[in-house]
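>>> make a model of this:
(4 chains)
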2 protein chains.
Amino acid sequence: MKRIPTIEDVARKASLSISTVSLVINNKKNVSDKTREKVKKAIDELGYHPHRGARGLASSLTGNIGFILSHDHFSLAEPFYTKIFLGAEFAARDLNYYVLLTTVSGQKRPKNGIPRFLLERNVDGIIIAGKVSEQLVTSIEQFDIPIVLIDYTFPRKDLSNVCIDNTGGVRLAVRHLVEQGYTDIGFVGGDLEHPSIRERLSAYRATLEESGLPVDEKIISTGEADTGHENGFSAIARMHKGNRLPAAIFAANDAMAIGCMQYLKSVSQRIPEDVAVVGFDDIEMSSHVEPGLTTVRVFKEEMGKLGVKRLVEMIKSKTNTIVSVRVPVQFMVRESTVVQHLPDEGLRAAPAGAIY
Amino acid sequence: MKRIPTIEDVARKASLSISTVSLVINNKKNVSDKTREKVKKAIDELGYHPHRGARGLASSLTGNIGFILSHDHFSLAEPFYTKIFLGAEFAARDLNYYVLLTTVSGQKRPKNGIPRFLLERNVDGIIIAGKVSEQLVTSIEQFDIPIVLIDYTFPRKDLSNVCIDNTGGVRLAVRHLVEQGYTDIGFVGGDLEHPSIRERLSAYRATLEESGLPVDEKIISTGEADTGHENGFSAIARMHKGNRLPAAIFAANDAMAIGCMQYLKSVSQRIPEDVAVVGFDDIEMSSHVEPGLTTVRVFKEEMGKLGVKRLVEMIKSKTNTIVSVRVPVQFMVRESTVVQHLPDEGLRAAPAGAIY
DNA sequence: GTGAAAGCGCTAACAT
DNA sequence: ATGTTAGCGCTTTCAC
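This is a model prediction of the structure:
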């Protein structure tokens, strides 16, 4: 195959030194316009592209971003974090970075769990999406590399992060139920270790109180192990068997909301006539279930993009100012909370609002 | 932060030269057992990891794999290719590679469209998933780097590939319909440029003939621009308006099958009592629509894994033997083709059969 | 079996 | 404003 031109070929062709060429490549000042043009011309004619690895060695900047996901999240059928990753990938490409993805198991001691791209110095910064152990983050911090968390925070660790406006979203959801005339509104949560779930629970409580409605612990379920739809199913089943089925349910995410709907259907409760259901996240499936699930849309790709943008700023500026970005949400009214029927579109088209 | 140990530190600690250390790191022969142990001990004690970039510079092996996806595929709501990517990523990690993802637009001239990781020599091999232009592949071939195609092939270009057993899958699907007593079976296809769709169409024709059934061009729709569910909707609508609604439909993928179901519901045709529907792919949604869609499951993650495995073999062996892998499929019977009712599970759990 | 030395392609002082 | 030079951390001949 054709020989790949190096910086030396460019220098020779332009009758200049390689350092001058390097200055041009890196857009440094102190190069005369004439020289700059000459170099650019040579680069063009040769079809030259700087070698990533060599650049990295010399500058200790790899042009890569590490993306860490807990294995649990990765295996979820619902591509919530996959969407975040894709958004990150998209923004990274725009900024001329590549994203190296890896997953970590939630359990193992972090010592063996340090991602290879860190050990091998193959990334300039780290994005962590979703829940990971504090230990892992502590050991990553040793590497003295910018870190941005997406959809997670630590109580005792201040790190740049991109999070959902959970409080605002819950407020929209609960107020919507109140406006529809519901006063008996239950909560189905899951793993309270996740700060998003915690925030959603307290916002639920706060909004009920703001609205002058009672908070009844009998219709608040939080003991579940995770946030899959089975938990929604079992949580509302428990309320039902305890003869305390609320008139409306706010579930802390769509998966659990769909689990609730599943149970309600199985016991022939009509949605929303007998029980209204609201979720959170707006996962793909929520617009496809019947009735369509009213929920709070989270802009997942956008979160990934924001995370990368912030990370790249940190990498380039070489400062570690902590920045917390709170991403706004959008309330999506569908049929699971509104008795009057919308025109039947059958299976709805893919949700609008692609971010790109 | 703590200084990162280099190969020199290891050599010093083991009282050996860096070249000997390098031999051990790379598992080369001609090193005495005693020396090998000494080096390993030093590596352990220092917590040494070779620097990716430096290795790459010296050996011209980056440890990265490039993954190319057409932008169209990437933006699809349905994560068919996303699944393939995730499978690839998983296998790559196992083999100590990282995957660099990029998308290419289907249209643009490939000259500007050559992925950056190729220009910058940042990958050791390339995976291409789905349909891309032949031009693009031709220009990638210039880089003299192993290539594996996933779910695509070119008539005039012999490249290693991992493809679906389309013929086998269609045969299962159509025979199933025949066994259920259907004799009037239509076909809804899409973009015939994709070899998978072409194969599915010819297998459909062949299976009908094998079964002694007539092939009626009036209930074969192939003119559509792509393979989204709108095409399924419009294709079957056209048959219906032409007074030639078949008793069963084989759609070339699940998205179009779901589009068919959507239309059938909108004109109050019962599924499967009035019209049975079979799809292909087994996308997530197919087990969630009502009735559940009978379809041919494609092991998407598995395809990604196989692609990477093959690619890494090619990289390591430095030979370019063409290998075509045909991945078997699995037939999934659900309610869209079987009149007798299965017990109602409400919304079914996530499809079984995770690959990992 | 082990070591010395060259060099992969580039950046970054430092000189000029 | 441009050139010289010394590495970055490793692999890889080639001696010994």
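>>> work out for me the element A:L100 sits within.
Secondary structure from DSSP states H and E places A:L100 in strand A:98-104.
>>> helices and strands around that strand, which ones?
When contacts are defined as 3 or more CB pairs under 8 Å, 6 or more residues apart in numbering or on different chains; DSSP states H and E, strand A:98-104 packs onto strand A:64-70, helix A:71-75, helix A:80-94, helix A:116-119, helix B:80-94, strand B:98-104. Placement of C-beta: from N, CA and C, glycine included.
>>> ok, which of the ones you listed comes nearest DNA strand C?
strand A:64-70 (15.2 Å; CB to the nearest atom of the strand).
>>> check whether the helix or strand hosting A:D44 comes near chain B.
If you go by DSSP H and E, A:D44 is part of helix A:33-46. No - figure legend: helix A:33-46 not in contact with chain B (CB under 8 Å from any CB of the partner chain); closest approach 11.8 Å.
>>> one more: stretch A:258-265?
Yes - using CB under 8 Å from any CB, stretch A:258-265 comes into contact with chain B via A:I258, A:M261, A:Q262, A:Y263, A:K265.
>>> between the residues you listed, which sits nearest DNA strand D?
A:I258 (49.5 Å).
>>> what does the stretch 101-250 of chain A put close to chain B?
Residues of the stretch 101-250 of chain A lying near chain B (CB under 8 Å from any CB): A:101-103, A:116-117, A:119-122, A:142-144, A:229-230.
>>> are any of those buried, and which?
Burial by neighbour count, judged by 16 or more other CB atoms under 10 Å in any protein chain shown, picks out A:L101, A:T102, A:T103, A:R116, A:F117, A:L119, A:E120, A:R121, A:N122, A:F143, A:H229, A:E230 from those.
>>> take those and lay them out in a markdown table including pLDDT.
Listed next are these as a markdown table, based on pLDDT from 0 to 100:
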| residue | pLDDT |
| --- | --- |
| A:L101 | 92 |
| A:T102 | 91 |
| A:T103 | 86 |
| A:R116 | 92 |
| A:F117 | 94 |
| A:L119 | 92 |
| A:E120 | 92 |
| A:R121 | 91 |
| A:N122 | 93 |
| A:F143 | 90 |
| A:H229 | 83 |
| A:E230 | 85 |
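>>> can you lay out those as TSV showing distance to DNA strand D?
Output for those, formatted as TSV (distance: CB to the nearest atom of the strand, whole Å):
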residue	distance to DNA strand D
A:L101	23
A:T102	20
A:T103	25
A:R116	13
A:F117	14
A:L119	10
A:E120	8
A:R121	7
A:N122	12
A:F143	14
A:H229	47
A:E230	47
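>>> quick one, what contacts the closest residue to A:G242 other than its chain neighbours?
Of all residues not flanking A:G242 in the chain, A:K218 sits nearest, at 6.9 Å (CB to CB, 6 or more residues apart in numbering or on different chains). The neighbours of A:K218, taking CB atoms under 8 Å, 6 or more residues apart in numbering or on different chains as the test, are A:M239, A:G242, A:R244.
>>> contacts for the helix or strand containing A:M303 next, please.
Using DSSP H and E, A:M303 falls within helix A:300-317. Contacting residues not belonging to helix A:300-317 are listed as A:61, A:65, A:80-81, A:83-92, A:95, A:97, A:99, A:124-127, A:129, A:146-148, A:150-151, A:160, A:162, A:164, A:320-321, A:323, A:325, A:327, A:354-356 [CB under 8 Å, 6+ apart].
>>> repeat that with 7 Å
With contacts defined as CB atoms under 7 Å, 6 or more residues apart in numbering or on different chains, helix A:300-317 is touched by A:65, A:80, A:83-88, A:90-92, A:95, A:97, A:124-125, A:127, A:146, A:148, A:150-151, A:160, A:162, A:320, A:323, A:325, A:327, A:355.
>>> those residues: which ones sit near DNA strand D?
The subset of the contacts of helix A:300-317 within reach of DNA strand D, by CB under 7 Å from any atom of the strand, is empty.
>>> how near is A:D94 to B:T82?
19 Å (CB to CB, to the nearest Å).
>>> shaky segments in chain A?
A:1-2, A:73-78, A:106-112, A:340-356 (pLDDT under 70).
>>> which bits of it sit near DNA strand D?
By the rule CB under 7 Å from any atom of the strand, the part of chain A lying against DNA strand D is A:15-20, A:23, A:29-32, A:34-36, A:54, A:57-58, A:60.
>>> at 6 Å instead, please
With CB under 6 Å from any atom of the strand as the criterion, chain A meets DNA strand D at residues A:L16, A:S17, A:I18, A:S19, A:T20, A:N30, A:V31, A:S32, A:T35, A:L57, A:A58.
>>> which parts of the stretch 101-250 of chain A are strands?
A:125-129, A:147-150, A:160-164, A:185-188, A:220-221, A:248-251 (DSSP state E, counting those that start in this stretch).
>>> identify each buried residue in the fourth one, please.
Applying a neighbour-count criterion of 16+ other CB under 10 Å, the buried positions in strand A:185-188 are A:I185, A:G186, A:F187, A:V188.
>>> nearest to chain B, of these?
A:V188 (15.7 Å; CB to the nearest CB).
>>> beta partners of that closest one?
Per DSSP bridges, the residues bridged to A:V188 are A:S221, A:A251.
>>> tell me the domain boundaries of chain A?
A:7-59, A:64-164+A:300-329, A:166-298+A:331-337 (automatic domain parsing).
>>> would you reformat the ones you listed as CSV and include distance to DNA strand C?
Below are these laid out as CSV (distance: least, CB to the nearest atom of the strand, whole Å):
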stretch, distance to DNA strand C
domain A:7-59, 3
domain A:64-164+A:300-329, 11
domain A:166-298+A:331-337, 38
